[in-house]
Structures are given as structure tokens and as C-alpha cells.
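> Predicted model, plus sequence, below.
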Amino acid sequence: MRSGTLASEVELSAVSYHQAKSDLMKIRNANRDNVRDEKYFNWRYLGRPGGLAPIIVMAHDRQGETVGALALIPHLYWINDALAPVGLLGDISVAEAWRGKRIAQQMMHFLSGLDAVRELRYCMVLPNEAVTRSLQKSGWSDVSRLDRSVRIISIEKELRRRSVPAWLAKILSFGVT
């Protein structure tokens, strides 16, 4: 694992999920309305097909308190007729007192220098507006935009189109919008 110190005296390190789990849960839950339990975090970081280990960067202050964390979670995708490891950047958290001090940007820059990241075919993120600027300042760039949309379909009509008898299509689609 790699570690480094920032001018702001924040220590960055790349650690395994098991090393980071309790601190990761604490800082992630501090930034959400819905508190997640250990079962959720085990699923999120370990319960993926392909079994690729998450890449986690932690930021600690001089007293050893966790002030930031982010995770790049590799998934296997089928790209150009072959399995390819693709990292999904997410779970970027900075303690409230440390926000605005470029901690997220520093963690993302640190992440990009890790050997485990270079082994991935691609990395991607679906950022919210709050993290977009930090990503761009850390060397990430837009290669494509995804438009979010919802397509409403009639389940009953779709089932009938697939030759499901009308009476069964009506039952199967009952209560589904």
C-alpha cells in the first residue's frame, strides 16, 4: 500500500477494505441521511461478481482521525468481446470540518498514482456537481455524458406483446406501475 503526507499535514494511504472498514463506515454514515450497517458495506465493497478488491484511499489528520475517504470499486464489464476491469469511483466523503480544504482533490490525485488503478482498463464516475470540479482539478476528464431518464412502459401491454395470455398479463402486471 502507498501512503503520503500533504502540506496540510493530512496523511493519505491506500488500504484494504478490512483495514478501513470501521473508519469507512463512520465517515460514510456521517454524510448520509440513511445510516448503513456492516452488512450493507460488506455487500457494497466485497459482494461483487469477479471478486476484484476495492481500492480505498483514506485521509487522516495528525491525531489519526479519519477526515476523508474514497473508494474505486472495480467491476468486470464485457467490452469489445472480452472481460475488462473497470473502476467505478464513488463514496467520496470528507468530514464537514475539513471541507473546502482540497482533501477530496488530494485523495483523487493520490488515487490516480496507485498501481492498482493503472491495472484497470477504464475508470468512471457519475459525479454530482459538488465533486465534479475536484475531479477535473485532479486530472479526470469528461469523455462522455450520460443523460438520466426514465422510460415508462406498460407492463401488461409488453407481456401481451410477448404472447402472454391477456388474463395472465393482467394478473402479473397488477400493482406494477
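Alright, I've got the coordinates. Numbers count the residues shown, from 1 in each chain.
> Sketch out the low-pLDDT regions of the protein for me.
1-8, 49, 126-130, 145-149, 151-152, 176-177 (pLDDT under 70).
> so where do the helices sit in it?
Assigned by DSSP state H, the helices in the chain fall at 17-30, 38-46, 103-112, 115-118, 129-137, 155-161, 166-172.
> buried residues in the second one?
Within helix 38-46, the residues that count as buried by 16 or more other C-beta atoms under 10 Å are 41, 44-45. (Glycine included, C-beta is placed from N, CA and C.)
> May I have it exported as CSV, CA atoms only?
Taking C-alpha atoms only, helix 38-46 is exported to CSV below (Å, rounded to 0.1, in the frame of the first residue of the first chain):
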residue,chain,number,x,y,z
GLU,A,38,-22.0,-3.5,8.2
LYS,A,39,-24.0,-5.9,6.1
TYR,A,40,-24.5,-3.1,3.5
PHE,A,41,-20.9,-2.1,3.4
ASN,A,42,-19.7,-5.8,3.0
TRP,A,43,-22.1,-6.1,0.1
ARG,A,44,-21.0,-2.8,-1.4
TYR,A,45,-17.3,-3.4,-1.2
LEU,A,46,-17.0,-7.2,-1.3
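> Give me the most central residue, the protein.
Centroid-nearest residue in the chain, with C-alpha atoms, centre = their mean: Gly90, separated by 2.4 Å.
> who's in contact with that one?
Gly90 makes contacts with 70-73, 125-126, as judged by C-beta atoms under 8 Å, 6 or more residues apart in numbering.
> Likewise for Arg36?
Contacts of Arg36 by C-beta under 8 Å, 6+ apart are 25, 28-29, 44.
> Chain neighbours aside, what residue packs nearest to Arg28?
Leaving aside its chain neighbours, Arg28 sits nearest to Ser93 (5.5 Å; criterion: C-beta to C-beta, 6 or more residues apart in numbering).
> let me redo that: Tyr77
Val86 (4.9 Å).
> before we move on, what about Arg62?
In space, Arg62 is closest to Glu9, 5.4 Å off (C-beta to C-beta, 6+ apart).
> what number of residues lie near that neighbour?
9 (other C-beta atoms under 10 Å).
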